[in-house]
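J.: Following is a predicted model, sequence given first.
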Amino acid sequence: MKTKEQFAADLEKQFGEYLDRNSIFHLIEVPKQPEHGDLAFPCYPLAGKMRRNPALIAQKAANELETNDYEKVEAVGAYLNVFLNKQQTANAILQKIIQEEQNYGNSQGGQGEVVAIDMSSPNIAKPFSLGHLRSTVIGNSLALIAEKCGYKTVRINHLGDWGTQFGKLIAAYKKWGSEEKVKKNTIKELLALYIRFHEEAEQSPELEEEGRFWFKQLEEGDEDAEALWKWFREESLREFDKIYKLLGISFDSDEGEAFYNDKMQHIIDVLTEKQLLTESEGAMVVELSEDNLPPCLIKKSDGATLYATRDLAAAVYRRETYQFSKSVYVVGNEQSLHFQQLKAVLRKMDYSWWEDIRHVSFGMILKEGKKMSTRKGKVVLLEDILQEAIELAKNNIEEKNPGLADKQSVAETVGVGAVIFHDLKNHRHNDIEFSLEDMLRVEGETGPYVQYTFARACSLLRKGEYQPAADEVIGCDLEAWPVVKLLDVFPTVVHRAAEQDDPSQIAKYVIDLAQAFNKYYAGTRILEEGKWKGQRLGLTFAVSVVLEEGLRLLGITAPEEM
Ligand code: ARG
């Protein structure tokens with residue numbers, strides 16, 4: 001009886017001196033064309049190590065494999081293709097899933113090492129942008145995937161809660177602000193104050209001076225300024241929390257930029273000691289010309305520290321506090337220069353772990369091809385967008401399943417799930433076109449489609465009164481074979497998603513699995529009484545387990561009815 005795991009074990013017997021079992025396992029592919037076999041092993045990664053033509057390696061391996069354990073073994077070019085015994089293989093895979101349930105696909109590869117994930121990180125007193133949404137959902141999914149692979153994670157919300165803009169905001173609030181209004185509608189009011197400040201400063205430039213004055217007060221710990229800043233921060237966080245609650249996401253730390261105020265002097269001391277600081281037009285910078293990068297600005301001519309200085313302090317703090325083996329920053333493409341500079345400066349400071357820092361960048365969200373802005377003029381609040389998605393999901397339910405219990409919570413799960421899935425199904429480097437109607441369609445490559453397929457599987461299991469029985473032999477009718485093959489590769493998909501920081505692999509996989517299952521469902525009477533019923537329900541159960549777990553890794557809940 002052979003499965004992918006056993007195929008890997010067989011190959012290890014031949015190639016163990018060149019590749020370990022785990023690497024072999026993850027190299028094994030599932031050919032798109034059924035005539036190329038059920039599993040295929042590409043021999044070219046061995047060619048260099050064995051100093052031999054990959055086609056010859058494949059040929060020899062084919063001759064040596066015990067053919068009677070497989071239906072057929074074939075060498076085609078650099079590939080070793082095997083055809084599995086369908087009944088036995090299906091039985092082995094399905095038994096494994098039925099036994100392991102949501103632990104299917106877990107691995108210990110991470111060995112408890114820590115991954116720090118800088119994610120979300122919106123700016124206080126400003127709207128939570130679609131870019132911050134991307135960072136939040138990508139970061140959360142990466143964390144969930146890493147945990148499944150045996151890592152510990154720390155989710156860090158590096159809030160933008162410091163900088164000269166807070167001086168301006170305090171000045172504006174003191175002139176035109178109303179406590180009541182800010183309490184009621186924090187982000188909208190604070191943004192309006194900020195915009196008004198800039199408009200009026202064009203007429204009366206002395207306002208800028210007032211803004212600088214209040215920032216200085218803030219930096220010097222003036223009580224009045226600090227109280228206002230704290231209040232803006234708390235009220236903003238309260239609004240952001242509504243979004244996090246809807247998304248079902250929480251953080252291990254919300255230490256933002258301000259947290260590093262007393263930790264930057266240490267950075268400046270080290271830079272000075274290592275003679276890395278140079279003066280440029282009154283400012284202090286680290287020259288990075290040998291890395292082909294512009295200088296990294298550490299301290300402005302007026303003594304104020306900068307975004308980069310805070311990030312240096314944060315990187316060192318995280319290393320000391322969490323002892324991470326990898327430190328990930330989920331931040332848009334437009335900051336790639338900043339992170340290159342960050343790594344270069346840490347390297348120059350002789351921190352050996354600079355290499356463990358990773359900028360996981362992503363593209364923009366577009367509306368009709370243009371960047372969707374939350375800045376000037378018209379404000380699109382993310383919370384409103386999510387509420388609209390929930391509303392649309394609710395309308396769908398009213399139309400299709402008005403008798404459903406707990407409509408509101410299902411609508412939330414579906415509406416929010418649709419937004420998350422739409423983001424994660426695209427490779428993060430791509431820009432995404434934002435369309436709520438598209439996201440919520442129940443056909444096509446959407447979150448609701450996968451959720452719907454899961455709910456259909458649950459309903460079959462209920463109607464068939466399925467009880468998981470781990471010892472029952474589960475064979476497989478020919479129509480189910482494509483579904484079984486997909487179930488078999490789930491662990492590899494999780495592994496690749498983790499290695500490449502790429503949740504889209506899992507999103508695409510759950511779409512494929514849902515499509516394969518729906519095709520099977522359309523052509524097979526799963527609930528028909530007879531000798532196949534138990535087996536078909538076993539397969540349905542395994543599909544439901546993997547769909548639910550796949551969605552969970554994306555940060556999406558799957559309702560059992562919708
Ligand atoms: N607050 C920043 C922004 O909105 C993102 C911060 C990302 N994290 C970091 N450690 N720099 O642009």
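T.: Alright, I've got the coordinates.
J.: The residue in the stretch 401-550 of the chain that the ligand sits nearest to sits in which helix or strand?
T.: Closest approach of the stretch 401-550 of the chain to the ligand (CB to the nearest ligand atom) occurs at R428, with a separation of 15.0 Å. (Each C-beta comes from the backbone N, C-alpha and C, glycine too.) Here R428 is covered by no helix or strand, with elements defined by DSSP states H and E.
J.: any idea how far the closest residue to it other than its chain neighbours is from the ligand?
T.: Closest residue to R428 apart from its sequence neighbours, by CB to CB, 6 or more residues apart in numbering: F362 at 4.0 Å. Remark: distance between F362 and the ligand (CB to the nearest ligand atom, to the nearest Å) = 12 Å.
J.: Equivalent analysis for S107, please.
T.: Applying CB to the nearest ligand atom to S107 and the ligand gives a distance of 29 Å.
J.: Am I right that that residue falls within a strand?
T.: No: under DSSP: H, G, I helix; E, B strand; the rest coil, S107 falls outside any strand and is assigned coil.
J.: I'd guessed S544 sits against F454; true?
T.: Yes: counting by CB atoms under 8 Å, F454 is a contact partner of S544 at 5.9 Å.
J.: got a list of what the residue of the stretch 401-550 of the chain closest to the ligand touches?
T.: R134, I138, V360, S361, F362, G363, D501, D502, P503, S504 (CB atoms under 8 Å, 6 or more residues apart in numbering).
J.: repeat that for 10 Å
T.: For R428, the contacting residues are 134-135, 138, 141-142, 330, 332-333, 360-363, 501-504, by CB atoms under 10 Å, 6 or more residues apart in numbering.
J.: How is the chain divided into domains?
T.: The chain breaks down into these domains under automatic domain parsing: 4-84, 165-247, 382-554.
J.: In a markdown table: those, plus mean pLDDT and distance to R347.
T.: A markdown table is the format used below for these (pLDDT from 0 to 100; distance: least, CB to CB, whole Å):
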| stretch | mean pLDDT | distance to R347 |
| --- | --- | --- |
| domain 4-84 | 92 | 29 |
| domain 165-247 | 93 | 30 |
| domain 382-554 | 93 | 21 |
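J.: Residues of the stretch 301-450 of the chain that sit close to the ligand?
T.: D311, A314, Y329, V331 (CB under 6 Å from any ligand atom).
J.: close enough to count as contact, L381 and H132?
T.: No: judged on CB atoms under 10 Å, L381 makes no contact with H132 at a distance of 11.9 Å.
J.: Comparing the two, which shows the higher neighbour count?
T.: H132 (24 against 18; other CB atoms under 10 Å).
J.: residues contacting the more buried one?
T.: 119-123, 126, 157, 160, 240, 243, 331-332, 374, 382.
J.: if you set the cut-off to 6 Å instead, what comes out?
T.: Residues near H132 by CB atoms under 6 Å, 6 or more residues apart in numbering: S120, P122.
J.: tell me which element it is part of?
T.: helix 130-148.
J.: any idea which helix or strand comes after that helix?
T.: That would be, after helix 130-148 and using DSSP H and E, strand 152-156.
J.: list the buried ones in the helix or strand just after that following strand?
T.: Next helix or strand after strand 152-156 toward the C-terminus (DSSP H and E): helix 165-176. Going by neighbour count (16 or more other CB atoms under 10 Å), the buried part of helix 165-176 is Q165, F166, G167, K168, L169, I170, A171, A172, Y173.
J.: of all those, which comes closest to the ligand?
T.: Q165 (11.5 Å).
J.: number of nearby residues for F215?
T.: Close neighbours of F215, defined as other CB under 10 Å, add up to 24.
J.: and what of the one 10 residues further on?
T.: Residues contacting A225 under the criterion other CB under 10 Å number 22.
J.: and if you look at the one 5 residues further on?
T.: Counted with other CB under 10 Å, residues neighbouring K230 total 12.
J.: Relative to the whole chain's centre, how far out is stretch 255-263?
T.: In terms of CA atoms, centre = their mean, to the nearest Å, the centre of stretch 255-263 is found 26 Å from the chain centre.
J.: got the buried residues for it?
T.: In stretch 255-263, counting by 16+ other CB under 10 Å, buried: E255, G256, E257, A258, F259, Y260.
J.: Write out the residues of the protein neighbouring the ligand.
T.: Counting by CB under 6 Å from any ligand atom, the chain sits next to the ligand at D118, S121, N123, H158, G160, D311, A314, Y329, V331.
J.: surely the fourth one meets M119?
T.: No: under the criterion of CB atoms under 6 Å, H158 lies out of contact with M119, with a separation of 8.3 Å.
J.: K394 touches A411, doesn't it?
T.: Yes: between K394 and A411 a contact is recorded at 3.9 Å, counting by CB under 6 Å.
J.: who's more crowded, those two?
T.: Remark: of K394 and A411, A411 carries more neighbours, 23 against 17, as counted by other CB under 10 Å.
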